[in-house]
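Student: My questions concern the predicted model and sequence given below.
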Amino acid sequence: MSSSSALKRTLVQVGKVSLNHVRESNRGTGDMWLAAIDVAQQKVIQDHPSVTGMEIAGAAAHQSHNVKTHSNVLSVKFYSEEQRVVSGHIHINGRIDYSRERRKAKKSSGSNQGWQPIREEVDFQTWTIYDPEKKKNRKVMQDGDWLYIEKGGIKVWF
C-alpha cells in the first residue's frame, strides 16, 4: 500500500476544548491551527502507536509558561485509553515539541513499569498521593501546570 493510499488515523478528542473552540479562539488563523493539529496528531501516532486520544489544554494559542522559547503554541496531552503517554506543544506549522520531562522519564529504565501517579489520586488538602508500591504517601509538588513527585531522586511528572 503506497503512502498516498494509507489510511489516516484520527484520535479521539477528550476534554472540554474542541477543534471548533480552537478555530473560534484563534480568529484569522483558526484553520491553520486545525491543520497544525492534524499534522501533529499524525506525528504522535507515528512516534507513539499506542496513542488513541488527545486533550487540548486551551483553545487559544499562547506563550508557554514552562518553555520561554515556545510562543504561539497549543498545549496538548496524548493518551492511550486513560493513561497519558506524552504531552507537548503544537506550533502553527504542525511541529510538535514533546515535553522534556516525558522524554527523560521514558528513557529511564523503569519509568513505564508499575504504579504511575495521576491527578485524580492527589489529596490537594495535604498535597500528597499514596504510592501503593512503597505503601507510603508521597509529597506532590507543582511547577506551572505540571504536578510531580520524586521517586529515587527522579521527578515523575503528571
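Tutor: Sure, I can see it. Residues are numbered from 1 along each chain as shown.
Student: Tell me, domain by domain, which residues of the chain belong where.
Tutor: Here the chain is described, according to automatic domain parsing, as comprising the domains 7-98, 107-158.
Student: weakest of the ones you listed by average pLDDT?
Tutor: Comparing mean pLDDT across the domains of the chain, the weakest is domain 107-158, with a mean of 79.
Student: what's the most buried one of the domains of the chain?
Tutor: Mean neighbour counts were taken over the domains of the chain using mean count of other Cβ atoms under 10 Å, and the top value, a mean of 16, falls to domain 7-98. Where C-beta positions appear, they are placed from N, C-alpha and C, glycine not excepted.
Student: Name all residues that make contact with the closest residue to A36 other than its chain neighbours.
Tutor: By the measure of Cβ to Cβ, 6 or more residues apart in numbering, the closest residue to A36 outside its immediate chain neighbours is G94, 4.4 Å from it. Residues in contact with G94 (Cβ atoms under 8 Å, 6 or more residues apart in numbering) are 35-36, 38-40, 43.
Student: can I get those in JSON lines with secondary structure?
Tutor: JSON lines is the format used below for the contacts of G94 (DSSP: H, G, I helix; E, B strand; the rest coil):
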{"residue": "A35", "secondary structure": "helix"}
{"residue": "A36", "secondary structure": "helix"}
{"residue": "D38", "secondary structure": "helix"}
{"residue": "V39", "secondary structure": "helix"}
{"residue": "A40", "secondary structure": "helix"}
{"residue": "K43", "secondary structure": "helix"}
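Student: thinking again about what came up before, if I look at the residue nearest to A36, how far off is D31?
Tutor: For G94, the distance to D31 under the criterion Cβ to Cβ, to the nearest Å works out to 13 Å.
Student: do H70 as well
Tutor: H70 is 22 Å from D31, where distance means Cβ to Cβ.
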